[in-house]
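In: how would this look folded up:
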Amino acid sequence: MKAAIIKEYGDVTQLEITNTNKPVDNNDEVLVENVATSINPIDYKARQGLLQSMFNWQFPVILGWDVAGKIVAIGDQVTDFNIGDEVFARPDIDPLGLNGSYAEYTAVKADKLALKPSNINFEQAAAVPLAGLTALQMLRQLNLQAGQKILIQGGAGGVGIFAIQLAKQMGAFVATTASANNSEFVESLGADLVIDYHRNNIDEVLSNYDAVLDTVGDIERGVSILRSGGHFVTISSSLTDDQKAISDKHVMAGWLQPNGEDLALLANEIESNHLKVVLDSTYPFTTDGIQSAQKRIETHHARGKVVVKIKDKA
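Out: Numbering: from 1, shown residues only. Prediction:
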């Protein structure tokens, strides 16, 4: 099969399309023929070698953690899915680095799968799993309740777009940070208050918030606007010992757990037209395309998800 691999850590030039072995699905897995995948910040961080303390990968490595495609093989223990089903998933991270989604095929455990929403295409479906699951699970970790105030830092990014919509569905008052160019966009998603981060720091205009979801690494200011007993979670930076030790606020780092039931919940929201999927751009499955897609993510200016189209149709 064709896959985008890296042979060593480094810049985007390490990514190249090559031929490699198709993954073999185990008894509790299905084999998905991918139609599309998407690019996430964790992808370029992994490419740069910033996750070496977490994963002992052996080169060559296939990156990518968003799957959207059709099931072409099923393990003996799989009962909830069938060959031909159109699915999407955020698979488990392969400890060897050989089963990423920048590839024509990915093996996925059945409990990480959900049926693709019928009202979106594969490119849109590929934009959902990692970002959507992260938004959903981080809002739960923040213990967000109806009537509370939440700040979502980085509202126009992949996670932010889903988090704004989900937080509004939970009945929260939602503030977010965005550039002036993205102000109307995040308001269209449901944001009640938009702070232009080029003009104001959040601690200059906000205070006494119940929750903060940090997707940009602005920990000190995010924590400072919380009320006593408020909840803060970051998905983009490591916490210092002093930050972890703050006694009157809940300061946490977040990491998503792949979960098919949570993904099915998001699928239902999408099919009910309660959750929008926003694409920033789509790139071809070529060496130049995959490199350009990662470059786009690294600008930190993508509005929505960056997607790679692996094949024309399932």
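
In: and His231, what is it in contact with?
Out: Shown in contact with His231 (C-beta atoms under 8 Å, 6 or more residues apart in numbering): Gln141, Leu142, Asn143, Leu144, Asp210, Ala211, Val212, Lys249, His250, Met252. In short, each C-beta sits where N, CA and C put it, glycine included.

In: is it fair to say Val233 lies in a strand?
Out: Yes: per DSSP: H, G, I helix; E, B strand; the rest coil, Val233 lies within a strand segment.

In: Surely it and Arg140 touch.
Out: No: look at Val233 against Arg140 with C-beta atoms under 8 Å: they stay out of range, at 9.9 Å.

In: When the two are compared, which one has more neighbours?
Out: Legend: neighbour count by other C-beta atoms under 10 Å for Val233 and Arg140, higher for Val233 (23 against 14).

In: tell me the contacts of the more buried one?
Out: Counting by C-beta under 8 Å, 6+ apart, Val233 has contacts Met138, Gln141, Leu142, Val212, Leu213, Asp214, Met252, Ala253, Gly254.

In: beta partners of it?
Out: Beta-bridge partners for Val233, by DSSP bridges, are Leu213, Met252.

In: so how far is Val87 from it?
Out: 29 Å (C-beta to C-beta, to the nearest Å).

In: before we move on, back to that, can you tell me which of the contacts of His231 are buried?
Out: When these are checked for burial by 16 or more other C-beta atoms under 10 Å, the buried set is Gln141, Leu142, Leu144, Asp210, Ala211, Val212, Lys249, His250, Met252.

In: Take the residues you listed and lay them out in CSV including pLDDT and secondary structure.
Out: Listed next are these as CSV, based on pLDDT from 0 to 100; DSSP: H, G, I helix; E, B strand; the rest coil:
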residue, pLDDT, secondary structure
Gln141, 97, helix
Leu142, 98, coil
Leu144, 97, coil
Asp210, 98, strand
Ala211, 98, strand
Val212, 98, strand
Lys249, 96, coil
His250, 96, strand
Met252, 96, strand
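
In: want to throw these into JSON lines with distance to Ile202?
Out: Shown next, in JSON lines, are these (distance: C-beta to C-beta, whole Å):
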{"residue": "Gln141", "distance to Ile202": "20"}
{"residue": "Leu142", "distance to Ile202": "16"}
{"residue": "Leu144", "distance to Ile202": "18"}
{"residue": "Asp210", "distance to Ile202": "14"}
{"residue": "Ala211", "distance to Ile202": "13"}
{"residue": "Val212", "distance to Ile202": "9"}
{"residue": "Lys249", "distance to Ile202": "15"}
{"residue": "His250", "distance to Ile202": "18"}
{"residue": "Met252", "distance to Ile202": "18"}
